[in-house]
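In: Okay, here's the prediction I keep looking at, along with the sequence it came from:
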Amino acid sequence: MSVTLPRVGFGYDSHTFGADRPLRLAGVVIPHDTGLTGHSDGDAVAHAVTDAILGAAALGDIGQLFPDTDPQWRGADSMAMLTTACARIVEAGFHVVNVDTTIVTQRPKLAPHVMAMRERLATALGVSPDGISVKGKTNEGMDAVGRGEGLQVFAVALLART
């Protein structure tokens, strides 16, 4: 009898503030004075989760699937990219069990938006919102993130064979 073990993937992304567009995190528009830079819409949460699920399935990373050298991805909806990556892992015989994310930013405060972010990620990944965790942390004033110049996102995904 063979045992199929779950697979864990880690994702990370960071972007600076300064783009003339809304701030989107996990597909949710967050009130802020500026958006995130980036080739797509700059949604660092969607990017980190995309890398986490692709990594767990050993299917590469977001840059391989959606290269920033390809003009078709300029301004692209990162949640649509996440949905595409999720379809790839399903085609490879996996499903998402749960995802845990940590967003490190001095501002804006994220607590009022956490449930909406969990719901958007859950929809994109085909899981219940109770399988998605989103946490906001500050960097206590340390480094560029602590000075409010940008943010970082860390994500861990657990996949299982279908």
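Out: Done, it's in. These numbers were taken from a predicted model, which means no experiment stands behind them.

In: Low-confidence ranges, the chain, go.
Out: 1-3 (pLDDT under 70).

In: would you list every one of the helices in the protein?
Out: Using DSSP state H, the helices of the chain run over 44-56, 62-65, 78-91, 114-125, 143-146.

In: surely Lys137 meets Thr101?
Out: No - counting by Cβ atoms under 8 Å, Lys137 sits too far from Thr101 to count as a contact (10.7 Å). Every residue, glycine included, has its C-beta placed from N, CA and C.

In: From Ala124, how far off is the nearest residue to Met81 once chain neighbours are set aside?
Out: Excluding the flanking residues, the one nearest Met81 by Cβ to Cβ, 6 or more residues apart in numbering is Phe66, at 5.3 Å. Distance from Phe66 to Ala124, counting by Cβ to Cβ, to the nearest Å: 15 Å.

In: quick revisit: looking at Lys137 and Thr101, which is more packed in?
Out: Thr101 (27 against 14; other Cβ atoms under 10 Å).

In: Enumerate the strands of this structure by residue range, in sequence order.
Out: Using DSSP state E, the strands of the chain run over 7-19, 23-25, 28-30, 35-36, 94-104, 132-137, 150-161.

In: ok so, going back, between the helices of the chain, which one is closest to Ala157.
Out: Closest approach to Ala157 among the helices of the chain is made by helix 44-56 (3.8 Å; Cβ to Cβ).

In: May I have the beta-bridge partners of Ile30?
Out: Leu23 (DSSP bridges).

In: Make 11 the starting number, not 1.
Out: Got it, first residue is 11 now, which makes that one Ile40.

In: hang on, it packs against Arg117?
Out: No - with contact defined as Cβ under 8 Å, Ile40 does not count as touching Arg117 (10.1 Å).

In: Which of the two has more residues huddled nearby?
Out: Applying other Cβ under 10 Å to Ile40 and Arg117 shows that Ile40 carries more neighbours, namely 19 against 11.
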